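Colleague: All I have is the shape, not the residue letters:
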């Protein structure tokens, strides 16, 4: 295999293929960095341009756009507290506070290198372990999914900030919003209040833009003595860049996020956003300075970006090895494969080896190009910090409005964006964390469907959750996580009391 991959670099290192990778990365980064224009949308727009290309060149461009889109969302998340894509939501927790402290350059450097390192190792794992990991992912049924969701819900305690009660309340609000739409089992409408456009539920991107971008616009409308423009106006200063010692300090978190991203990405249906939350919570739990998370921690940025970028390699595992798309983006890529006359699955590695291995080589080349494209993107988008605040945030509001309307050409989405903007503003004013709300919203549909399917299979017997070794493993991990989190919260509370004394 190694010899085949080395020979495949000869096929991919042509001007046409290298140009396709570079342009795909650039296009994806641009789409990821503009709120409302997701990586999925970027890939969908690139597909018609690839009809006359060879399959290798076409997928070099498409996978470049995929990688660029996932990374690009971190740039506005750090600069203006607006995640360009849903997977960048976690990056706002520490990236934007760092920008407020005049450390936007450090935050974007860490985001870039975390993305590159995690992406590189995830690609290596995709190359050598795709079929094996795909077979493991097939063992996950509804009970296993349910136990994973229960384990993931412990994240609420991990990202609740200073008050676990407020975190639980915010998570419950997220649960409530996630129930809007059709019942996952019986397809009966719930909480749509006669609005047909709500039958498909609340769009995650709409919620994200409302909670983060519009609420930030409302907060910036308040008179403040400090101005973000003065603090991050020059990102090219050497002192504002991340040092190698800082990057090296974040390496354990990056590698942990890489492992989580690969494993969770290989399980269809969970996605990179969940991975980001998982890695962020785990990084906070094991950090020597958990009190800095949510206030401007380099470790927090590294955890978020390594988690979501490693998932790119993970989601490609079931797509190529089994023909099963892990999320909506890989579903679009599946359609592109079929357009080019390729059928993903185990036979793809045998009958179309001349396609698969050059594609693996193109993934490595795309990872090596990402620092170049990322540095150019940082310099380009840093120009927005020179815009006066009274012009910047109205422009952000207009861009968000255009992006949300472009998602589904629906005025209901615009109303929901404004609604969540007000909700986010109120929650932030009363110091309620937004992370648990997002976790609850993302995990509720997955958890509800898995639990109800499991109970339907067992005819109401809860013992089904204790029959599988995988289910038992995640339940044990949940118990351990709860014990550790309770211990950490008590320790933090004791330290706070001593400080007050």
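Modeller: Now that the structure is in, tell me what you want to look at. Treat the numbers as computed from the prediction; the structure is a model and nothing was measured.

Colleague: Please count neighbours and contacts with C-alpha atoms only from this point.
Modeller: Fine.

Colleague: List the contacts of the host helix or strand of residue 256.
Modeller: If you go by DSSP states H and E, residue 256 is part of helix 244-265. Contact with helix 244-265 is made by 110, 113-114, 117-119, 121-122, 125, 133, 270-272, 275-276, 279, 283, 298-299, 302-304, 306-315, 326, as judged by CA atoms under 8 Å, 6 or more residues apart in numbering.

Colleague: again, but for stretch 202-222
Modeller: Applying CA under 8 Å, 6+ apart, the set of residues contacting stretch 202-222 from outside is 35-36, 80-83, 85-86, 89, 177-178, 180-181, 393-394, 396-397, 400, 404, 413-414, 416-425, 434.

Colleague: Report the mean confidence score over that stretch.
Modeller: Averaged across stretch 202-222, pLDDT comes to 80.

Colleague: Now do the buried residues in it.
Modeller: For stretch 202-222, a neighbour-count test (16 or more other CA atoms under 10 Å) marks 202-203, 205-217, 219 as buried.

Colleague: how long is that stretch end to end?
Modeller: 29 Å (CA to CA, to the nearest Å).

Colleague: List buried residues within the contacts of stretch 202-222.
Modeller: In those, burial by neighbour count holds for 35-36, 80-83, 85-86, 89, 177-178, 180-181, 393, 396-397, 400, 404, 413-414, 416-425, 434, counting by 16+ other CA under 10 Å.

Colleague: any idea which of the buried residues of stretch 202-222 is closest to residue 457?
Modeller: Top of the list for closeness to residue 457, among the buried residues of stretch 202-222 and by CA to CA, is residue 202 at 28.6 Å.

Colleague: Can you tell me the SS state at the closest one?
Modeller: Of the three states, residue 202 takes coil according to DSSP: H, G, I helix; E, B strand; the rest coil.

Colleague: And it, how close does it get to residue 483?
Modeller: According to CA to CA, residue 202 stands 34 Å off from residue 483.

Colleague: What about the buried ones among the contacts of stretch 202-222, which are in strands?
Modeller: residue 181 (DSSP state E).

Colleague: packing partners for the biggest helix by length in the chain?
Modeller: Scanning the chain for the longest helix, with DSSP state H as the assignment, gives helix 104-137. The helices and strands touching helix 104-137, judged by 3 or more CA pairs under 8 Å, 6 or more residues apart in numbering; DSSP states H and E, are helix 74-80, helix 91-100, helix 244-265, helix 298-322, helix 353-381.

Colleague: Quick check: next helix or strand after it?
Modeller: Next in sequence after helix 104-137, counting helices and strands by DSSP H and E, comes helix 142-153.

Colleague: residues making contact with that following helix?
Modeller: 274, 278, 439-440, 443, 446-448, 450-451, 453-454, 464-465, 468, 470-471, 474-475, 477-478.

Colleague: Buried among the residues you listed? Need that as a selection in PyMOL.
Modeller: If you want just the buried ones from the contacts of helix 142-153 in PyMOL, going by 16+ other CA under 10 Å, the selection is:
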select buried, resi 274+278+439+440+443+446+447+448+450+451+453+454+464+465+470+471+474+475+477+478
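
Colleague: before we move on, back to that, out of the contacts of helix 244-265, which end up buried?
Modeller: So, by 16+ other CA under 10 Å, the buried ones in the contacts of helix 244-265 are 110, 113-114, 117-119, 121-122, 125, 133, 270-272, 275-276, 279, 283, 298-299, 302-304, 306-315, 326.

Colleague: Good, we can wrap up now.
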